[in-house]
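>>> Take this sequence and fold it.
(chains A, B, C and D)
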2 protein chains.
Amino acid sequence: MSLTAKPIQAHYAYQQIAEEIQAQILRGDLKPGDQLPGEAELGTMFGVTRSTVREGLRQLESDGLVHRPTPRRLEVTLPQADQLTTRAGRAMALMKVTFRELWEVTMVTEPLAARLAAQHATPAEIDQLQQLHAEMLGCEGDMDRTIALDEQFHTQIADMGKNRVLGLAREPIALLLFRGFEQIAPSAPRFYKRQIEAHSNIIGALRDADGERAEKWARMHIEDFWRGAQLAGLEDCIALSPPAVS
Amino acid sequence: MSLTAKPIQAHYAYQQIAEEIQAQILRGDLKPGDQLPGEAELGTMFGVTRSTVREGLRQLESDGLVHRPTPRRLEVTLPQADQLTTRAGRAMALMKVTFRELWEVTMVTEPLAARLAAQHATPAEIDQLQQLHAEMLGCEGDMDRTIALDEQFHTQIADMGKNRVLGLAREPIALLLFRGFEQIAPSAPRFYKRQIEAHSNIIGALRDADGERAEKWARMHIEDFWRGAQLAGLEDCIALSPPAVS
DNA sequence: CTTGCGCTAATGTCGGACGTTAAGGTTCAA
DNA sequence: TTGAACCTTAACGTCCGACATTAGCGCAAG
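The predicted model follows:
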């Protein structure tokens, strides 16, 4: 039997403060929107100096559990999705994940997103998506803009599925994968056009609320992306770090 | 035309320090394992006081980009997976995601994990999995232990697939979903046994390196879990906060 | 009731201080 | 020579006190 021993981490004052406040948030004693006392007051409450309190607060801010709308207000807040996305994206870039890894997962997330979107999307949302698509048609050549819009297109579909878990899980992955577009496009002349067509077909399926079809087209879309990546020789290349959000 | 305005965030000294170091890490100038200068030296380098440096460092530590093996050593490190898992899990719990959302995503991640595992697993890894399974057979009744082992079983499979992206994405989700086991078991007498059987079948498929079959069994396994959740009336219940890791 | 002003207090940053202890070098013994 | 015990140094965690800046709030004026 293997001995399991978790390293006991020193209980520094600033850490304890962060943990205590965090515990109260998770327990529900402090709810998002609640305002916290000033640093000085927190100091007296916990029996430490303001410097120590500040270090603890910096950690909580970084965790996204508290937030400063203005330097004078310190309030409890939900971790923001984009913050999690940034962290996860950075981590994956640093661990040098390959496009293959990204793609394998995307092959299941995007079709799922499409199916859910077909089930839950409102006409207004689909119109918005269509508008995004139209905008994308108009900027062939502008690579950065194209990538951004592509990313947005897929994220929009995921949002339409009304599944926040999927949204959180797929976002950093998609962000990294679709950045490959840039390297693929030059190697595959007709690639761009095929991507656009696929988007059109997905929108069509969404309009008909046809989950099966939406899913199928999304799958083909991502499969096609992979063929492009293969042509560009990206398969086992490592993904680039995503653009900083924070 | 809609006015787009991204909130201008004040760049405090401590923030700039964190950002600068972070940038150097992402750029590759600082590599994991590298040791950073002491706080005092960093202070003189950046032209600020030690207090200010410390606040920036607390942020980086919380981000998982630097790490203190001991108070005297401050070294660059890769963000640890369990840290990301904790953050994501906390976030999902705080945003009160439902079991349905968790399940919908798990329905695609676990089958994928099983398929990849069938393709990449080594016999030794499968033996290890078998051992885990055996251990699970021996602790019927001990709910916490069962849940922990179940979680471990699925995580092990995901690891066997050699896809780190999938590993990162599914972990927090699975952690939250499988905690539902506890509430399901009482409502469904035969539930526990069926879960065990499914695990057996998955192991069998892995031994035969039969990706299709592994995927199919994993899907059925998760589908069955959902039936249990329905019996327990969990569908739109919100998931509980996961056990703290950090 | 809204607008403008001024005051208060909290924040960001600074400088310095102290006990504790880890890191690294030194000494000594095997 | 090598390894272990020791010692010195300096870096860390924490504290104290201070200051300029400015956000927040109350009050007066329109």
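>>> okay, CA-based contacts and neighbour counts for the rest of this
Noted.
>>> What ranges does chain A have for its strands?
For chain A, strands defined by DSSP state E occupy the ranges A:66-70, A:73-76.
>>> list the contacts for A:Pro123?
Residues counted as contacts of A:Pro123 (C-alpha atoms under 8 Å, 6 or more residues apart in numbering or on different chains) are A:Arg207.
>>> Look at it and report its pLDDT.
You'll see A:Pro123 listed with a pLDDT of 97.
>>> Then A:Arg190?
Looking at A:Arg190, its pLDDT reads 83.
>>> mind checking how far it is from DNA strand D?
Distance of A:Arg190 to DNA strand D, given as C-alpha to the nearest atom of the strand, to the nearest Å: 52 Å.
>>> Enumerate the residues of chain A near DNA strand D.
Within chain A, the positions near DNA strand D by C-alpha under 7 Å from any atom of the strand are A:11-15, A:47-49, A:51-52, A:70-73.
>>> again, only this time at 10 Å
Proximity of chain A to DNA strand D (C-alpha under 10 Å from any atom of the strand) is limited to residues A:10-17, A:40, A:43-44, A:46-53, A:55-56, A:68-74.
>>> Show me the subset of those residues that also lies near chain B.
A:Ser51, A:Glu55, A:Gly56 (C-alpha under 8 Å from any C-alpha of the partner chain).
>>> Mind putting those into a markdown table with pLDDT?
Below are these laid out as a markdown table (pLDDT from 0 to 100):
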| residue | pLDDT |
| --- | --- |
| A:Ser51 | 97 |
| A:Glu55 | 97 |
| A:Gly56 | 97 |
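>>> By mean pLDDT, which helix or strand of chain A comes out lowest?
Here the helix or strand of chain A ranked lowest by mean pLDDT, DSSP states H and E is helix A:181-187, holding a mean of 82.
>>> Return the set of buried residues in that helix.
Buried residues in helix A:181-187, counted by 16 or more other C-alpha atoms under 10 Å in any protein chain shown: A:Phe181, A:Ile184, A:Ala185.
>>> now do stretch A:166-186
Residues of stretch A:166-186 classed as buried by neighbour count (16+ other C-alpha under 10 Å): A:166-181, A:184-185.
>>> if you look at these, which of them are in helices?
Per DSSP state H, helices hold the following members of these: A:166-178, A:181, A:184-185.
>>> of those residues, closest to A:Leu36?
A:Leu168 (27.7 Å; C-alpha to C-alpha).
>>> I figured that closest one was touching A:Thr86, is that so?
No: the criterion here is C-alpha atoms under 8 Å, and A:Leu168 misses it with A:Thr86 at 10.9 Å.
>>> Format the strands of chain A as TSV; extra columns: mean neighbour count.
Below are the strands of chain A laid out as TSV (neighbours: other C-alpha atoms under 10 Å in any protein chain shown):
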stretch	mean neighbour count
strand A:66-70	17
strand A:73-76	19
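>>> Now distance to B:Asp29 and mean pLDDT too, for the ones you listed, in JSON lines please.
What follows is the strands of chain A, written out as JSON lines (distance: least, C-alpha to C-alpha, whole Å; pLDDT from 0 to 100):
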{"stretch": "strand A:66-70", "distance to B:Asp29": "30", "mean pLDDT": "94"}
{"stretch": "strand A:73-76", "distance to B:Asp29": "34", "mean pLDDT": "95"}
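>>> Export these to JSON lines and append columns for distance to A:Gly161.
Putting the strands of chain A into JSON lines (distance: least, C-alpha to C-alpha, whole Å) gives the following:
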{"stretch": "strand A:66-70", "distance to A:Gly161": "29"}
{"stretch": "strand A:73-76", "distance to A:Gly161": "28"}
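>>> need the helices for chain A, in chain order.
Under the criterion DSSP H, helices of chain A are mapped to A:13-27, A:39-46, A:50-63, A:81-94, A:99-120, A:123-137, A:143-160, A:164-178, A:181-187, A:191-207, A:211-231.
>>> what stretches of chain A score poorly on pLDDT?
A:1-9, A:241-246 (pLDDT under 70).
>>> So which bits of chain A are right by DNA strand C?
A:10, A:36-43, A:50-51, A:53-55, A:57-58, A:68-74.
>>> Can you select the buried ones among the residues you listed for me in PyMOL?
What follows is the PyMOL syntax selecting those of those that are buried according to 16+ other C-alpha under 10 Å:
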select buried, chain A and resi 39+42+43+50+51+53+54+55+57+58+74
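>>> Now do the closest residue to A:Glu182 other than its chain neighbours: how many residues are near it, please.
Spatial nearest neighbour of A:Glu182, chain neighbours left out: A:Met143 (6.6 Å); criterion: C-alpha to C-alpha, 6 or more residues apart in numbering or on different chains. A total of 14 residues lie near A:Met143 under the criterion other C-alpha atoms under 10 Å in any protein chain shown.
>>> A:Met143 contacts A:Gln183, correct?
No: in this structure, A:Met143 is not within contact of A:Gln183 by C-alpha under 8 Å, at 10.0 Å.
>>> Pull up the gap between A:Phe153 and A:Leu132, please.
Applying C-alpha to C-alpha, to the nearest Å, the value for A:Phe153 to A:Leu132 is 7 Å.
>>> So between those two, which is more surrounded?
A:Phe153 (20 against 16).
>>> Quick check: the gap between that one and A:His221.
13 Å.
>>> Let me see the domain layout of chain A.
Structural domains assigned to chain A are A:13-76, A:82-231, following automatic domain parsing.
>>> Could you single out the most deeply buried of the ones you listed?
domain A:82-231 (a mean of 20; mean count of other C-alpha atoms under 10 Å in any protein chain shown).
>>> For DNA strand C, what's its nearest residue on chain A.
Residue of chain A nearest DNA strand C, by C-alpha to the nearest atom of the strand: A:Gly38 (3.4 Å).
>>> Check the spacing between that residue and A:Pro69 real quick.
Counting by C-alpha to C-alpha, the gap from A:Gly38 to A:Pro69 is 14 Å.
>>> Check A:Lys162 too.
Between A:Lys162 and A:Pro69 the computed distance is 28 Å (C-alpha to C-alpha).
>>> Then A:Arg219?
41 Å.
>>> gap between the two ends of stretch A:59-71?
For stretch A:59-71, the first-to-last residue distance is 16 Å (C-alpha to C-alpha).
>>> Show me what from chain A comes close to chain B.
Counting by C-alpha under 8 Å from any C-alpha, chain A comes close to chain B at A:26, A:51, A:54-56, A:58-59, A:61-63, A:78-79, A:84, A:87-88, A:90-92, A:94-95, A:97, A:101-102, A:105, A:108-109, A:112, A:163-166, A:169-170, A:173, A:241.
>>> repeat that with 7 Å
With C-alpha under 7 Å from any C-alpha of the partner chain as the criterion, chain A meets chain B at residues A:55, A:58-59, A:62-63, A:78-79, A:84, A:88, A:91, A:94, A:101-102, A:105, A:108, A:163, A:165-166, A:169.
>>> still on that earlier bit, mind giving me the packing neighbours of the least confident helix or strand of chain A?
Judged by 3 or more C-alpha pairs under 7 Å, 6 or more residues apart in numbering or on different chains; DSSP states H and E, helix A:181-187 is in contact with helix A:211-231.
>>> hmm, 8 Å instead?
helix A:143-160, helix A:191-207, helix A:211-231 (3 or more C-alpha pairs under 8 Å, 6 or more residues apart in numbering or on different chains; DSSP states H and E).
>>> B:Thr122 is nearest to which of those?
Taking C-alpha to C-alpha, helix A:211-231 is the member of the helices and strands packed on helix A:181-187 nearest to B:Thr122, at 26.6 Å.
>>> Confirm for me that A:Ala218 is in contact with A:Ile203.
No: using C-alpha under 8 Å, A:Ala218 is not in contact with A:Ile203; the gap is 10.1 Å.
>>> mind listing what the closest residue to A:Lys216 other than its chain neighbours touches?
With sequence-adjacent residues excluded and distances taken as C-alpha to C-alpha, 6+ apart, A:Lys216 is closest to A:Pro111, at 6.9 Å. Contact partners of A:Pro111, counting by C-alpha under 8 Å, 6+ apart, are A:Ala214, A:Glu215, A:Lys216, A:Trp217, A:Ala218, A:Arg219.
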